[in-house]
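Chemist: Compute the structure for the input listed below.
(one chain, ligands or ions: 1)
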Amino acid sequence: MITRRIQYEIAGNVVGPFLTSLDKWRKKLRPKKKGPKKEHPFGPPLESVNRLKDIMTRYYFQGRYADGAVPVAWVTSGFPVEIFRPLGFWTVYPENHAAICSVQRVVPELSDVVEKEGYARDLCGYARADIGSVMTGKTPVGRLPKPDLLACCTNICQTVLYWYRALAEHFKIPLVLIDTPYVYGEAPEHHRQYVKDQLLELLEVAQKITGKTIEPEALAEVTRKANIGSKLWGRCLDASKNKPAPWTGFDEFFHMAPIVSLRGSDECNDYYRGLAEELEDRVKRGVGGLKKETHRLMWDNLPIWFNVRGMSDLLAQNGFNFVCTTYTNAWYEAGKVIDERDPMGSAAKAYTHIILNEDLPKRLSLMKRLAREYDVVGAVLHSDRSCKPYSIGQYDLKDRLQAEANIRVMVLEADHADPRAFSAEQADNRLTAFMESFA
Ligand code: SF4
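Modeler: Predicted structure coming up:
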């Protein structure tokens, strides 16, 4: 245990930072390509990208040595992760890891393994990638630490329940479930109490595993930090209300990693403070995410992780920018509600009112508000084969948005994780036709 703890500290505080600075030096020393520079449609790269890489590289590198050194919890993305921090848990988000697998295009390989075990290809690509990674030990991040606790909240979908049950069976460890009733309008008091009671039970389990007691002051402090971090993230998103937007929706997808994985930490808040300042400075200087932003769009649903590059190039070349997305916005909406004066009660409210746990009228009104505030002329609704709860009702949303927000809307059939359920040619044709409709 002591040796492992030393390895863990050295990995996080010495080797991790050394590797990231080595990488920077390698890039600096790499011979520059000769000949004329290739023209591209994007504005200058964000300087914060380097800090983002540092933080996330260190996070995954130190994580390799976390099990055996500190308690480890694997959590779903809509889980009130803050609660674990004062108890010293290292938290892993299998969904975030699966997104990396998707960017690296290893989902088909991992999925093949679980499909042979009887899991259907219709199951969410994140679940298939994660279970495949657990079964094979293959991962683009080197190694994921083994969990001591699994924490699953059904506010995003029911898939996570069955996925985490499979993990609990595999690792033979406890699974804590936070069951959030679906919300029509506003969650009634008894629903919130039901969720709060489960959060209190979670505390008991987490304390038992760590042998520590969580102090109310520590819980209030981490809640305060998570709230600040979410608001800073909201400030970054708000910068795109300006014209031109200082970054693109595709940038947002990558820069959301710390608010997902490190919410409630100083590191997360420092990062977003710096990013917000950089974006606001770009706004002042009129620097856009695109060199020439002619049309502003909204994106709905998860990104197509393995095709972000191709799609962002196509849109940017034509002056189209996703200036807001319902997905990145979700990480602001919940966190801004949590309140240090009532950590558990406010968490119950915040994590019940997650976009995927809310009815279609709520989603429509959110999208109309975003369309208005970010002044978009159109929207692309990604009908995601993997994520059914996010995709259900999109054809109704399309009609209502067109009629009530007076914007042009298209539905794009794709998948956020598995390239086998995606045709780049078809998607490009459909997006090109959509862009031409604005001519
Ligand atoms: S189905 Fe959707 S919400 Fe559920 S794990 Fe997959 S991507 Fe996340």
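
Chemist: And for Val141, the neighbour number?
Modeler: Val141 is flanked by 19 other residues according to other Cβ atoms under 10 Å. C-beta here means a position set from N, CA and C on the backbone, and glycine is covered the same way.

Chemist: The ligand contacts on this protein?
Modeler: Remark: the part of the chain in contact with the ligand comprises 95, 124, 126, 156-157, 159-160, 302, 356, 386-387, 389-390, using Cβ under 6 Å from any ligand atom.

Chemist: gap between the strand or helix carrying Glu201 and the chain center?
Modeler: Element membership for Glu201 (DSSP states H and E) is helix 189-210. Distance, stretch centre to chain centre, for helix 189-210: 24 Å (Cα atoms, centre = their mean, to the nearest Å).

Chemist: Packing partners of the lowest-mean-pLDDT helix or strand in the chain?
Modeler: Using mean pLDDT, DSSP states H and E, the weakest-scoring helix or strand in the chain turns out to be helix 16-29, at a mean of 72. Counting by 3 or more Cβ pairs under 8 Å, 6 or more residues apart in numbering; DSSP states H and E, the packing neighbours recorded for helix 16-29 are helix 48-63.

Chemist: Which strands or helices does the helix or strand following the helix it packs on pack on?
Modeler: Proceeding N to C from helix 48-63, the next assigned helix or strand is strand 72-75, under DSSP H and E. The helices and strands touching strand 72-75, judged by 3+ Cβ pairs under 8 Å, 6+ apart, are strand 90-92, strand 149-153.

Chemist: For Val81, which of those strands is the nearest?
Modeler: Between Val81 and these, the shortest separation by Cβ to Cβ is 5.4 Å, and it involves strand 90-92.

Chemist: CA atoms only: put the helix or strand just after that closest one into PDB for me.
Modeler: Past strand 90-92, heading to the C-terminal end, the next element that is a helix or strand (DSSP H and E) is helix 94-103. The C-alpha coordinates for helix 94-103 follow below in PDB (Å, rounded to 0.1, in the frame of the first residue of the first chain):
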ATOM      1  CA  PRO A  94     -15.800   5.100 -18.400                       C
ATOM      2  CA  GLU A  95     -17.800   7.400 -20.900                       C
ATOM      3  CA  ASN A  96     -14.900   9.800 -21.100                       C
ATOM      4  CA  HIS A  97     -12.600   6.900 -21.700                       C
ATOM      5  CA  ALA A  98     -14.900   5.500 -24.300                       C
ATOM      6  CA  ALA A  99     -14.900   8.900 -26.100                       C
ATOM      7  CA  ILE A 100     -11.100   8.600 -26.300                       C
ATOM      8  CA  CYS A 101     -11.500   5.100 -27.700                       C
ATOM      9  CA  SER A 102     -13.800   6.500 -30.300                       C
ATOM     10  CA  VAL A 103     -11.500   9.300 -31.300                       C
END
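
Chemist: Name the surrounding residues that touch helix 94-103.
Modeler: The list of residues contacting helix 94-103 from outside it, by Cβ atoms under 8 Å, 6 or more residues apart in numbering, reads 74, 76-77, 107, 110, 125-127, 129-130, 133, 139-141, 144, 163, 167, 257, 260-261, 305-306, 308, 416-418.

Chemist: before we move on, the earlier item: can you tell me which of the residues of the chain next to the ligand has the most neighbours?
Modeler: Tyr126 (31 neighbours).

Chemist: So that one, which state does it fall into?
Modeler: Secondary structure assignment for Tyr126 (DSSP: H, G, I helix; E, B strand; the rest coil): helix.

Chemist: right, and Leu315 touches Leu431 too?
Modeler: Yes: taking Cβ atoms under 8 Å as the definition, Leu315 is a contact partner of Leu431 at 7.0 Å.

Chemist: more neighbours, those two?
Modeler: In this view Leu315 and Leu431 are compared by other Cβ under 10 Å, and Leu315 has more residues nearby, 24 against 18.

Chemist: Check which helix or strand that one maps to.
Modeler: Secondary structure here is read from DSSP H and E; on that basis Leu315 sits in helix 308-317.
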